[in-house]
Each structure stands twice: as C-alpha cells, then as structure tokens.
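*Asks:* Sequence and predicted model, in that order:
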Amino acid sequence: MSNVPLTVRIKARQDILRAAKWYEQRQPSLGTAFVDQMGATLQSIEDNPSLYPMVYHGIRRALLRRFPCAVFYIVRETGVSVVAVLHCKQDRDRLESR
C-alpha cells in the first residue's frame, strides 16, 4: 500500500499547532521549521505507510528529524489516520484515549 489518503485527526492537529507555537516562542522561525519537518514526515507516511515500525496495538510511529517528536498513526485499507503527535518524553498512554 503506497500513496494512500492521509487524514490528521483534530486532536493530532491540535498537538501540531501546540508544538509549533511552543517552538516559535523559544526561537523565531523554529515553529516554522517544525511545521516544515512535520509536513515532510506526513508526506513520507503518505508515500509509504509501512515504512515506520508498529509500536503499540496496531499504531505505527514516525520520528521527526531535528525535533524530539513522534507521529502516531493507524493504517487501514481506506487510508492512514494520524491519531497523535507527541513529544518523545510524553506518556504513550495518551494514545489509548484517541
């Protein structure tokens, strides 16, 4: 399965916006760099969803370059669904509620 439709759930979008804002507050343009890297990672997932390892009950994880964050997503026959974007130190138990 390659180049399947990718959707980012609302809570995952909120995760991305929150992280981008946090990085931007630390250093001007760092938030933009985060968003750019996120876009590249999402594109990679969309192009080849099986590239990244399964880490938790059918959920795969793609690590961002340069930023200590991970994209958690589920692959289904109809497409890919991003369920969370978490800092690598955050508790994966947060995935259960999503």
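*Replies:* Nice, I can see it. Numbering: from 1, shown residues only.

*Asks:* C-alpha only now, for contacts and for neighbours.
*Replies:* Fine.

*Asks:* Would you confirm that residue 82 contacts residue 10?
*Replies:* No - in this structure residue 82 lies outside contact range of residue 10 using Cα atoms under 8 Å: 9.3 Å.

*Asks:* neighbour count winner among the two?
*Replies:* residue 82 (23 against 12; other Cα atoms under 10 Å).

*Asks:* Just give the closest residue to the more buried one, not the sequence neighbours.
*Replies:* The shortest distance from residue 82 to any non-neighbouring residue, by Cα to Cα, 6 or more residues apart in numbering, is to residue 73 (4.2 Å).

*Asks:* which residues does that neighbour bridge with?
*Replies:* Here residue 73 sits in beta bridges with residue 60, residue 82, going by DSSP bridges.

*Asks:* what sits against it?
*Replies:* 59, 60, 61, 80, 81, 82, 83, 84 (Cα atoms under 8 Å, 6 or more residues apart in numbering).

*Asks:* Please apply the same query to residue 45.
*Replies:* By Cα under 8 Å, 6+ apart, the neighbours of residue 45 are 51, 52, 62.

*Asks:* By neighbours, which of the residues you listed wins?
*Replies:* residue 62 (21 neighbours).

*Asks:* Mind checking what secondary structure that one has?
*Replies:* Three-state assignment for residue 62 (DSSP: H, G, I helix; E, B strand; the rest coil): strand.
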